[in-house]
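Peer 1: For reference, the sequence and a predicted model appear below.
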Amino acid sequence: MKGKVSKFFVYAGMFILTFGASSCGQSGVEESSVLDSFEGNISSQTADYGSASNSSVDVTASKDSKCGQQSLMLDYNLAEKGYLYCARGYGLDVLNALWEAPAPDKIDWSKYTGIRLQMKGTQSGQLAFDVKDAGGELWRFMINVDSTEWKEVVIPFDQFSVRHDWQPSTSDGNQKLDFPIRSFQFEPKTVGQGQFYFDCVELDI
Ligand SMILES: [Ca+2]
């Protein structure tokens, strides 16, 4: 009987470990590849967002989620020639807008080939997903939003293009995607009003 009981606990333990690693695990799980699942407080203190004066964006948590209890929701109105963004990670103006995963230099980026995320939008059109690399350079991947249902987007690192429209003054401009990546951001690019939901930003093996 004793043997049976301990075997059960071994299997149960294996299940929990596997589950934690393959879905949206807790940030404390060592092998988890989840970069961010937007749990906890989501506000202007924990997300770095803003817009041009002719546009607007508000960022909150939504209960409509794919990982954990909530997703990140952008409620926006993008005007012609305007812009707006929402970023999480390290080295941002909002110091507590940190992703859930460990700090960039604590992640073994060589294990991963790209980024995978879950998203949905109420308006079809274009959405930019950017990452800022170790040299402060911004890289972009354009997502075509054609459905109001949740969908998964997979972005291999080699599919990012260096941004030519704008770079931070601190960018090293070497046009090489230097690891570690330090932050990511969402930028709706289609003029109009709508909402975007994001969840389960993971590193793809
Ligand atoms: Ca979540």
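Peer 2: Ah, there it is.
Peer 1: Which stretches in this protein count as strands?
Peer 2: For the chain, the strands defined by DSSP state E occupy 34-36, 48-51, 56-62, 71-78, 84-89, 114-121, 125-132, 138-145, 151-156, 161-162, 183-188, 192-204.
Peer 1: and the third one, what does it pack onto?
Peer 2: If I follow you right, that is strand 56-62. In terms of contacts (3 or more Cβ pairs under 8 Å, 6 or more residues apart in numbering; DSSP states H and E), strand 56-62 is packed against strand 48-51, strand 71-78, strand 84-89. Any C-beta I mention is one placed from the backbone N, CA and C, and that applies to glycine too.
Peer 1: Just the angle for the longest one relative to strand 84-89, thanks.
Peer 2: This means strand 71-78. Strand 71-78 runs at 150 degrees relative to strand 84-89, counting by axes from the mean of the first three to the mean of the last three Cα atoms, to 10 degrees.
Peer 1: Quick check, residue 74 in contact with residue 86.
Peer 2: Yes - counting by Cβ atoms under 8 Å, residue 74 does reach residue 86; the two are 5.5 Å apart.
Peer 1: ok so, going back, dump the helices and strands packed on strand 56-62 into TSV; add mean pLDDT and distance to the ion as well.
Peer 2: Shown next, in TSV, are the helices and strands packed on strand 56-62 (pLDDT from 0 to 100; distance: least, Cβ to the ion, whole Å):
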stretch	mean pLDDT	distance to the ion
strand 48-51	98	17
strand 71-78	98	5
strand 84-89	98	12
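Peer 1: okay, these in a markdown table with mean neighbour count next?
Peer 2: As requested, the helices and strands packed on strand 56-62 are arranged in a markdown table below (neighbours: other Cβ atoms under 10 Å):
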| stretch | mean neighbour count |
| --- | --- |
| strand 48-51 | 20 |
| strand 71-78 | 22 |
| strand 84-89 | 23 |
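Peer 1: Could you dump those strands into a markdown table with distance to residue 60 added?
Peer 2: A markdown table is the format used below for these (distance: least, Cβ to Cβ, whole Å):
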| stretch | distance to residue 60 |
| --- | --- |
| strand 48-51 | 11 |
| strand 71-78 | 5 |
| strand 84-89 | 11 |
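Peer 1: Residue 168 is nearest to which of the ones you listed?
Peer 2: Nearest to residue 168 among the helices and strands packed on strand 56-62 is strand 84-89 (11.5 Å), distances taken as Cβ to Cβ.
Peer 1: Paired strands for the closest one, with orientation please.
Peer 2: strand 48-51 (antiparallel), strand 183-188 (antiparallel) (DSSP bridges).
Peer 1: What residues of the longest one count as buried?
Peer 2: Using 16 or more other Cβ atoms under 10 Å as the burial criterion, the residues of strand 183-188 that qualify are 183, 184, 185, 186, 187, 188.
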